[in-house]
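S.K.: predicted model and sequence below, questions to follow.
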Amino acid sequence: MAEKKAVLTGVHFMSGDIACAEGAIAAGCRFFAGYPITPATEIAEHIAARMPKVGGIYIQMEDEIASIAAVIGASYAGLKAMTATSGPGFSLMQENIGLAVMTEAPCVIVDVMRGGPSTGQPTLPGQQDVMQAKWGSHGDYEIIALSPSSVQEMFDLTVEAFNLAEMYRVPTLLMADEVVAHMWEKVVIPPAEEIKIVNRKKPNAPPGNYAPFMPDDDLVPPMACFGEGYRFHATGLTHDEHGYPRTQDSDVQMRLVKRLCDKIRKNADKIVRVEEVMIDDAEVVVVAYGIVARAALSAVKKAREQGIKAGLVRLITLWPFPEKHVARAAEKTKAIIVPEMNCGQMVREVERAAKTTPAYHLPKLGEEPHTPLEILEAIRRHS
Amino acid sequence: MMEAVEHPLLKYLRAAMIPHIWCSGCGNGIILNAFVHALDELQIDLNKLVVVSGIGCIGRAAGYINADSFHTTHGRPIAFATGVKLAKPELEVVVISGDGDLFAIGGNHFIHAARRNIGIKVICANNFNYGMTGGQVGPTTPLEALTTTTPYGNIEHPFNLVHLAAASGATYVARWTTLHVRMLTASIKKLLQRKGFSFIEVVSPCPEIYGRHNKMRTGLEMMEWFREASVIANFSDPAKAEITPEKIVVGEFVDIEKPTYEQLLYEKMAKLMKEESE
């Protein structure tokens, strides 16, 4: 259950960035470190105003590298911690996202995607970082990434991102976009007792017997925090269950990296969420996420009005990729359409899962998201 | 039969991580020794101590100390430590790292943590080069020194770390060499007792990687240099605290008090929370 006095229970009209900030606070986030960047700045501004009133910390760091490093530090000190950024800052954070993966630091990173590469289009939406979310840091790992399609989901999925981060001890990404972040919509914030809160598992072992990276059956190790008397070591180096570096030991490397991947892969069915609309008899299925999924839903409904059997799979979880859901939809349909605000990223995952069913990418770059009409035309072309 | 006697300072070390990785003649052991002596003399509660390091030879020190410890990515220990200190200000948070980690790749974090006066304590082993990667030029390499990437002599002007720390706002600043073991230990004790951002530079021998290119093949030769060149000039102008072949200015340079970031942060938080509840 969420902390009652920190939750703004009620019906609100707010922007996606503000809803995200409120979601974080409702989830129990009490540490935010960030650096200003369009279009994520309003998250930091709102947190800066709200956090001290609920006993939490806002600090504006000198850059995004410092921001994610401070977030990992605060997480190890026992707080739920978050940072928010956009493409350029997300790139700067990549190395330490890997550190959070390796040291299994629960934390949430919000990337409000804008047009890239480089400085790109700070005020326009993009979906160009979704592969970076999965592969941005060096080395092999699995991560969790969520994609909100509405201001309500900026609240809901931020709460969920914290819960997943705490449950699996993994940095969890909220891959929003400029439209969802800057748009104002109705948001219903439930009573605190209705907000499900997950906290990291604490060790049962006394300090002397605690091995900080010894996993339970779910492959996730219980987490002691600094100052609790466990006196443990953590490192970005390849380490054994005690946290000690074992950089020359291939068995330790295999065991560690495989577990870091498996704790997400083997729990994928529990993590993955999609929204399926009218796919049972669909001859054309649109696979979309983020703000584009809103236009896609409208297009699918219009297609149905015109007698075309269209359906939608909306990816709420981007990573781990909802492979089974896409495969299932692909089995029964003739064509898949993947509208994305990029030159073709998630479409590759869709193709992989869809096997022989063709997947057609519908790119959009440099302006507003796809219109329903643009997606409807694609549905018509392939129906 | 005599009973085995445990070394009185062993409790401060993580036995499972020993032996250490450092070369013979390296000064890091002296720094670690001075640090655990300071912990012992102050009876620091190991359950309330967090040691953070970056990447480099001295970066392994965090793992050797029997407290909570974290070995971060290269250059980021201060940023990580900032998160720890703000989240749990009651913890003693010490960063032990090297000149390359703290002042090249991590330089930005150093100056900003000092400016904000975050109450973390930073001990820098300055060995004039990147030892772990085999001896490349670094931000403190003296002019004309030979390293593997300055084979014709260094043409970069080095940082004066104590001047940089003082100018950035550090409230306690000192420099010693590993020859000045007692002064260093006393200085670390002060560092641990100060509230604000505190900094000690320890000029440390690296005969194996740096010295051998620069006519100081052994630890002893490097310590001879420290002995001959060191001049103690307490509370002299840090801008003039040079390190040259002829002169190494050591001593304490700054010892002042001003409100820490976490103090101001928690005061504001308490005030706002009180207003909210009224």
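M.R.: Right, received. Where do you want to start? Since the structure is predicted, the reported quantities are computational estimates derived from the model, not experimental observations.

S.K.: drop to CA atoms for contacts and neighbour counts, all remaining ones
M.R.: OK.

S.K.: wait, A:Tyr297 sits on A:Leu312?
M.R.: Wrong residue type there; residue A:297 is Leu, not Tyr. Yes: between A:Leu297 and A:Leu312 there is a contact under C-alpha atoms under 8 Å: 6.6 Å.

S.K.: which of these two has more neighbours?
M.R.: Each of A:Leu297 and A:Leu312 has its neighbours counted (other C-alpha atoms under 10 Å in any protein chain shown); A:Leu312 has more, 27 against 23.

S.K.: average pLDDT for the lengthiest helix in chain B?
M.R.: If you go by DSSP state H, chain B has its longest helix at helix B:261-277. Averaging pLDDT along helix B:261-277 gives 96.

S.K.: using PDB, list the CA coordinates for that helix.
M.R.: What follows is helix B:261-277 as a C-alpha-only set of coordinates in PDB (Å, rounded to 0.1, in the frame of the first residue of the first chain):
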ATOM      1  CA  TYR B 261      24.200  20.500   1.400                       C
ATOM      2  CA  GLU B 262      22.500  17.700   3.400                       C
ATOM      3  CA  GLN B 263      22.100  20.000   6.400                       C
ATOM      4  CA  LEU B 264      20.400  22.600   4.400                       C
ATOM      5  CA  LEU B 265      18.400  20.000   2.500                       C
ATOM      6  CA  TYR B 266      17.000  18.300   5.600                       C
ATOM      7  CA  GLU B 267      16.300  21.600   7.400                       C
ATOM      8  CA  LYS B 268      14.200  22.700   4.400                       C
ATOM      9  CA  MET B 269      12.500  19.400   4.200                       C
ATOM     10  CA  ALA B 270      11.600  19.400   7.900                       C
ATOM     11  CA  LYS B 271      10.200  23.000   7.600                       C
ATOM     12  CA  LEU B 272       8.100  22.100   4.600                       C
ATOM     13  CA  MET B 273       6.800  18.900   6.100                       C
ATOM     14  CA  LYS B 274       5.800  20.700   9.200                       C
ATOM     15  CA  GLU B 275       3.900  23.300   7.200                       C
ATOM     16  CA  GLU B 276       2.200  20.500   5.200                       C
ATOM     17  CA  SER B 277       1.000  18.800   8.400                       C
END
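
S.K.: buried set for it?
M.R.: Of the residues in helix B:261-277, B:Tyr261, B:Glu262, B:Gln263, B:Leu265, B:Tyr266, B:Met269, B:Ala270, B:Leu272, B:Met273 count as buried by neighbour count, 16 or more other C-alpha atoms under 10 Å in any protein chain shown.

S.K.: would you mind measuring from the second one to A:Ile59?
M.R.: Applying C-alpha to C-alpha, to the nearest Å, one obtains 10 Å for the distance of B:Glu262 from A:Ile59.

S.K.: now do B:Arg217
M.R.: For B:Arg217, the distance to A:Ile59 equals 46 Å [C-alpha to C-alpha].

S.K.: comparing the two, which shows the higher neighbour count?
M.R.: Taking other C-alpha under 10 Å, B:Arg217 and A:Ile59 do not tie; A:Ile59 has more neighbours (20 against 17).

S.K.: I'd say the more buried one and A:Gly34 touch.
M.R.: Yes: here A:Ile59 reaches A:Gly34: they are 6.7 Å apart, a contact under C-alpha under 8 Å.

S.K.: and A:Thr123, what element?
M.R.: Using DSSP states H and E, A:Thr123 sits in strand A:121-125.

S.K.: where along the stretch 1-150 of chain A do the strands fall?
M.R.: Listed in chain order, the strands of the stretch 1-150 of chain A (DSSP state E, counting those that start in this stretch) span residues A:10-15, A:29-34, A:57-60, A:80-85, A:107-115, A:121-125, A:144-146.

S.K.: want to throw the ones you listed into CSV with distance to chain B and mean pLDDT?
M.R.: Below are the strands of the stretch 1-150 of chain A laid out as CSV (distance: least, C-alpha to the nearest C-alpha, whole Å; pLDDT from 0 to 100):
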stretch, distance to chain B, mean pLDDT
strand A:10-15, 18, 98
strand A:29-34, 7, 98
strand A:57-60, 8, 98
strand A:80-85, 9, 98
strand A:107-115, 12, 98
strand A:121-125, 25, 96
strand A:144-146, 22, 99
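
S.K.: okay, those in CSV with distance to B:Val181 next?
M.R.: CSV is the format used below for the strands of the stretch 1-150 of chain A (distance: least, C-alpha to C-alpha, whole Å):
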stretch, distance to B:Val181
strand A:10-15, 59
strand A:29-34, 38
strand A:57-60, 37
strand A:80-85, 40
strand A:107-115, 41
strand A:121-125, 54
strand A:144-146, 49
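
S.K.: what residues does the stretch 51-200 of chain B have near chain A?
M.R.: B:62-63, B:66-73, B:76-77, B:79-88, B:91, B:108-109, B:112 (C-alpha under 8 Å from any C-alpha of the partner chain).

S.K.: just these: which are in helices?
M.R.: The members of those that map onto helices under DSSP H are B:62-63, B:77, B:79-87, B:108-109, B:112.

S.K.: wait, A:Lys202 touches A:Pro222, no?
M.R.: Yes: with contact defined as C-alpha under 8 Å, A:Lys202 reaches A:Pro222; the gap is 5.0 Å.

S.K.: which of those two has more neighbours?
M.R.: Neighbours were counted for A:Lys202 and for A:Pro222 using other C-alpha under 10 Å; A:Pro222 has more, 21 against 11.

S.K.: check what pLDDT B:Glu6 gets.
M.R.: pLDDT for B:Glu6: 86.

S.K.: residues near it, how many?
M.R.: Neighbours of B:Glu6 using other C-alpha under 10 Å come to 8.

S.K.: sec struct for it, please.
M.R.: coil (DSSP: H, G, I helix; E, B strand; the rest coil).

S.K.: in the stretch 251-383 of chain A, which residue sits nearest chain B?
M.R.: A:Val252 (16.1 Å; C-alpha to the nearest C-alpha).

S.K.: quick check on that residue: phi, psi?
M.R.: Main-chain dihedrals, A:Val252, degrees, to the nearest 10: phi -60, psi -40.

S.K.: how about the contacts made by it?
M.R.: Contact analysis of A:Val252 by C-alpha atoms under 8 Å, 6 or more residues apart in numbering or on different chains lists A:Thr238, A:His239, A:Asp240, A:Arg246.

S.K.: tell me who's in contact with the last one.
M.R.: The one in question is A:Arg246. A:Arg246 neighbours (C-alpha under 8 Å, 6+ apart): A:Leu237, A:Thr238, A:His239, A:Asp240, A:Val252, A:Gln253.

S.K.: now, among these, which is nearest to B:Ile200?
M.R.: Distance to B:Ile200, by C-alpha to C-alpha, is smallest for A:Leu237 among the contacts of A:Arg246, at 26.6 Å.

S.K.: which SS state does the closest residue to B:Phe103 other than its chain neighbours fall under?
M.R.: The shortest distance from B:Phe103 to any non-neighbouring residue, by C-alpha to C-alpha, 6 or more residues apart in numbering or on different chains, is to B:Pro139 (6.6 Å). Three-state assignment for B:Pro139 (three-state DSSP): coil.
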